[in-house]
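In: have a look at this prediction, sequence included:
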Amino acid sequence: MTFKRTILLLIIIFTLTSFAIFIAPRMQEQAEITPPQTVYNDSKDNNNIIIPCPNEHPEWRAAQIIDDVNIDAAPSCEPDNPYDIATSVKGTNNVSMATLMQTNLAQDALTMTDDLDHDGDPDVVHIKLEVIELNGSTPDGDFLINTFDIAPGIQPGLWVYAPKSRGMALKNFNSVVANPMLRAPSPVIRVEQDDKVYITLENTHYLPHTIHLHGVDHPWLNSKGEDNDGMEEHAVFPGKSHTYEIKPRHAGTMLYHCHVQTAQHFMMGLAGMFIVEENRPNNWLQTFNIGAGQVRHPSATVKKTFSQEYDLHYQSVDKKLAKIIQDANDPRLVAEHMSRDYNMTESFENYFLLNGHSFPYTLRDAMIIASENEDIKLHIANLQRSAVAIHIHGHKATITALDGVDHPPAIQITRDVFDISPAQRIDLHLLTQNNGLNSYGPGLWMFHDHTPTGTTTDGLEPGGNMAILAYKELLDEQGMPKMHDEFFDQLFNKNYYAKNMAIWGEGEFAPLLADAGLLAPNYLQIILFGLTIGLIIGVLLLIILAYKRNQKQ
Amino acid sequence: MKALLLVLCLLGVNHFASAMNHSGMIMDEKGMIMNANSDKLPNDCKKISENIDITIHAGHKHALKFNGKMFAFDNQEWDVKPCAKINITFINDDQIRHQLMIHGLPGYLYPEGMFHLELNGEGQLQASLIMPSQKKTYLVHCELPQHMEKGMKAQLKVDGGDGDLPSIPGLTAPVRADFYFVDWTQLSLSVLVFSALLGCTISFFIILNRTRIKDLFTKYLIRSTQKGG
């Protein structure tokens, strides 16, 4: 082959290559005159649709008396188990066996004895807590176990403290769902001022943990001279137990949390509200408020001023941290990935929970349900990583205490956004009097953290810690807000929170706002590109063959 | 007489409060036993074939012999004859709650197909059960969240069982195994490179000596056909 012919062939190859690059079909193309058609949400896919209210225990909603314990009505979709409440008030040792059998509590979960000050209520309280992993991994297959959905289809790995339980941790024998007592958040614990309280951490988990009583009056050492502050260097290892002892002299809304690898363990959910109630005669307290929310057996002090009481626990989850326990099963790998590979300073909060749920599941058990002219006590704790700015639509409430310390009436502030730093607590007096200041009248008033991320679930609205202050007459017989059927059809769907559905994919505006479809392919362009590529390969082969023949000659 | 009756009533009430038998469940402050069965024969058994005593320890220290586990029983497998009566002594060596559950039993004897011992903390429980005659492998585990997943899993075989369950520490492989880094050293790398070079040399050797190899091969073929003939 002559030099001239080689140059010519090379020029041909360069030209063809440039042409091929110029006309190459791409993954995305610009539409010309007609953009693609609208694609609608697949309405036939029923597998991911969830019933807004499962209505499993309608009989739990009514006001009732169990074992002489008065339990207030709870009209919401998922009311607390009244037998849990009766047992939480009287203790597992004083309640009848028939009542205890209706709960999942162990027989030594809560023992209450000795009326030391002779005022008609027990003053020595033994509380036993376990550490439970929700949505954890299993070596037996590609599924999660002891599942707890925070929102439709959303199952982040979580750790919670739970009252010591008994029996199956799963809902039933064919299920991977956790039983209803094993849930986020860690339970609210109530004890009486001056009571002798023994809190035993029985570490049922596979990593070390502690209990630190934040803001609760406690000596630094217990009566055995051992750690009583729950610090990292006194971790309670798997299979071990440790008892913390307190006799709190000061009442108020406080916290408890794990202080081992605190940043991570706190964010995994090992934190809860710890409320010390004033010492009053005949003051039998609801020691556990499982799942937080409405207190169906308020204390004597609360009952004097308020018609209702609610515990609101705000919590956030970093999905990358939560996934660590789902990606590996070996405790050594979990420990390494969580403490050394994971870097919280380079992380985000993705899920925002109120009482363990994100909207729309907050509608099932995290609503405040009111009538007009009620005085309602709210305990709000910020157990998430960032600050919250809680806003109740249509209402202005009054701060009565900060971090468990009462505010003198003269400086109590009434406002509509409450900024709460991480670990801070506020007590609010919510008055539902339609006077144009405290309330604008009955409604289904939303309340939420006004930080923009707070109302999203992994960035998707509406989600996060959004909930509703609902006036009773606007709820249906299952405790769900009326007039929201279409909205519920869209949101109670796993596909929506998997981000597979257009936000406005149904109804009148669907043709305008649902998903854009795909562009039709340009066949001329595809054929030209194919021919060009073929030519290039042919020419290259020719050169190689010619070169070889030249060499032989 | 009245006093005696009163005392008997009180004793009865006391007994009622401390331990209660509630649809196959016996519970006290120490723990509970569900669906124990020491006398009812399964339908397919004419008599008890053997009487076996098994002691099962549970606790985190029993996981020490397995890499990457946290809780375990002291034994992972038992084999019994069809229609055997098993007297289990379940000992919890931890300060926390552990369970011993056996699943897949006949529902007419064991509601939900389950035999269940539970200890609230350190201590021991004793209960018996009678196995059916079927050749079968039963799951034995603690059902607290992550306890089975982290190693508290075993199997009870009747008549050799009908197979093995997955993820039993030290016995069977998990369905979904974790990934680990491989320990690459200078030695293992040099072995790799040497093998690759050797492979190349062999192929060059074959190509360069192809005619001689062909001759040798043909000779061998002829010889073998002659032998065969």
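Out: That came through fine.

In: so is stretch B:71-88 next to chain A?
Out: Yes: residues of stretch B:71-88 contacting chain A under Cβ under 8 Å from any Cβ of the partner chain: B:Phe71. Quick note: C-beta positions are derived from backbone N, CA and C, even for glycine.

In: how far is that stretch from where the chain is centred?
Out: Centroid separation for stretch B:71-88 versus its chain: 10 Å, with Cα atoms, centre = their mean, to the nearest Å.

In: same question, stretch B:42-51
Out: The mean C-alpha position of stretch B:42-51 is separated from the chain mean by 24 Å, Cα atoms, centre = their mean.

In: do you know how far the most centrally placed residue in chain B is from B:Ile33?
Out: For chain B, the residue sitting closest to the mean C-alpha position, by Cα atoms, centre = their mean, is B:Ala154 at 2.1 Å. Going from B:Ala154 to B:Ile33 by Cβ to Cβ, to the nearest Å gives 19 Å.

In: one step back: got a list of what the residue nearest to the centre of chain B touches?
Out: B:Phe73, B:Asn75, B:Gln76, B:Glu77, B:Trp78, B:Val140, B:His141, B:Ile168 (Cβ atoms under 8 Å, 6 or more residues apart in numbering or on different chains).

In: turn these into TSV, columns for secondary structure, neighbour count and pLDDT.
Out: Shown next, in TSV, are these (DSSP: H, G, I helix; E, B strand; the rest coil; neighbours: other Cβ atoms under 10 Å in any protein chain shown; pLDDT from 0 to 100):
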residue	secondary structure	neighbour count	pLDDT
B:Phe73	strand	24	97
B:Asn75	coil	13	96
B:Gln76	coil	20	97
B:Glu77	strand	18	97
B:Trp78	strand	19	97
B:Val140	strand	25	97
B:His141	strand	21	97
B:Ile168	coil	23	95
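
In: what is the burial count for A:Tyr83?
Out: 24 (other Cβ atoms under 10 Å in any protein chain shown).

In: pretty sure it contacts A:Ile71?
Out: No: with contact defined as Cβ atoms under 8 Å, A:Tyr83 does not count as touching A:Ile71 (9.3 Å).

In: if we go by neighbour counts, what in stretch A:509-529 is buried?
Out: Residues A:Ala510, A:Ala514, A:Asp515, A:Leu528, A:Phe529 are the ones in stretch A:509-529 that count as buried (16 or more other Cβ atoms under 10 Å in any protein chain shown).

In: can you tell me the closest non-neighbouring residue to A:Arg61?
Out: Using Cβ to Cβ, 6 or more residues apart in numbering or on different chains and skipping residues adjacent in sequence, the residue nearest A:Arg61 is A:Pro79, 4.9 Å away.

In: quick one: classify that neighbour as helix, strand or coil.
Out: coil (DSSP: H, G, I helix; E, B strand; the rest coil).

In: please report the distance of it from chain B.
Out: 24 Å (Cβ to the nearest Cβ, to the nearest Å).

In: confirm A:Val334 sits in a helix?
Out: Yes: according to three-state DSSP, A:Val334 belongs to a helix.

In: doesn't A:Gln326 make contact with it?
Out: No: using Cβ under 8 Å, A:Val334 is not in contact with A:Gln326, being 9.8 Å away.

In: between the two, which is the more surrounded one?
Out: A:Val334 (25 against 18).

In: can you check the pLDDT for the more buried one?
Out: For A:Val334, the pLDDT comes out at 97.

In: show me what contacts it?
Out: A:Tyr206, A:Leu207, A:Ile324, A:Ile325, A:Ala328.

In: my guess is the first one meets B:Pro145, correct?
Out: No: using Cβ under 8 Å, A:Tyr206 makes no contact with B:Pro145, being 10.0 Å away.

In: so, low pLDDT: which residues of the chain?
Out: Picked chain A for this. A:1-2, A:43-45 (pLDDT under 70).

In: chain B was what I was after
Out: Across chain B, the ranges flagged by pLDDT under 70 are B:1-23, B:199-200, B:203-204, B:206-208, B:210, B:228-229.

In: per-domain residue ranges of it.
Out: For chain B, automatic domain parsing gives the domain ranges B:20-158, B:181-216.

In: kindly reformat the ones you listed as a markdown table containing distance to A:Ser439.
Out: Formatted as a markdown table, the domains of chain B follow (distance: least, Cβ to Cβ, whole Å):
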| stretch | distance to A:Ser439 |
| --- | --- |
| domain B:20-158 | 43 |
| domain B:181-216 | 61 |
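
In: A:Met27: which of those is closest?
Out: Closest of those to A:Met27 is domain B:181-216, at 34.9 Å (criterion: Cβ to Cβ).

In: count of neighbours near B:Thr55?
Out: 13.

In: pull out the C-alpha coordinates of the helix or strand where it lies and format them as CSV.
Out: Assigned by DSSP states H and E, B:Thr55 belongs to strand B:51-59. Once non-C-alpha atoms are left out, strand B:51-59 reads as follows in CSV (Å, rounded to 0.1, in the frame of the first residue of the first chain):
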residue,chain,number,x,y,z
ASN,B,51,-37.3,-40.6,76.8
ILE,B,52,-34.5,-38.0,76.3
ASP,B,53,-33.3,-35.4,78.6
ILE,B,54,-31.7,-32.4,76.8
THR,B,55,-30.2,-29.4,78.5
ILE,B,56,-30.0,-26.2,76.5
HIS,B,57,-28.0,-23.2,77.6
ALA,B,58,-28.6,-19.8,76.1
GLY,B,59,-26.5,-16.7,76.3
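
In: and it, which strands flank it?
Out: Strand B:51-59 has these partner strands in its sheet, going by DSSP bridges: strand B:72-73 (antiparallel), strand B:85-92 (parallel).

In: what's the most buried one of those strands?
Out: Of all those, strand B:72-73 has the most neighbours on average by mean count of other Cβ atoms under 10 Å in any protein chain shown, namely a mean of 26.

In: in stretch A:327-343, which residues are buried?
Out: A:Ala328, A:Asn329, A:Asp330, A:Pro331, A:Leu333, A:Val334, A:Ala335, A:His337, A:Met338, A:Tyr342.

In: residue boundaries of the strands in chain B?
Out: Per DSSP state E, chain B carries strands over the ranges B:20-22, B:25-28, B:31-34, B:51-59, B:72-73, B:77-80, B:85-92, B:98-102, B:115-119, B:123-130, B:136-141, B:153-158.

In: same check, this time on the stretch 151-300 of chain A
Out: Taking DSSP state E, counting those that start in this stretch as the test, the strands found in the stretch 151-300 of chain A are A:158-163, A:188-192, A:196-202, A:212-214, A:241-246, A:252-257, A:271-277, A:288-289, A:293-294.

In: other SSEs contacting the fifth one?
Out: This points to strand A:241-246. Taking 3 or more Cβ pairs under 8 Å, 6 or more residues apart in numbering or on different chains; DSSP states H and E as the contact definition, the neighbouring helices and strands of strand A:241-246 are strand A:196-202.

In: what sits up against stretch A:142-149?
Out: A:132-138, A:155, A:157-158, A:169-170, A:176-178, A:182-184, A:326, A:356, A:361, B:145-146, B:149, B:175-176.

In: residues near the closest residue to A:Asn279 other than its chain neighbours, how many?
Out: Distance criterion Cβ to Cβ, 6+ apart; nearest residue to A:Asn279, sequence neighbours excluded, is A:Gln193 at 4.3 Å. A:Gln193 has 18 neighbouring residues, counting by other Cβ under 10 Å.
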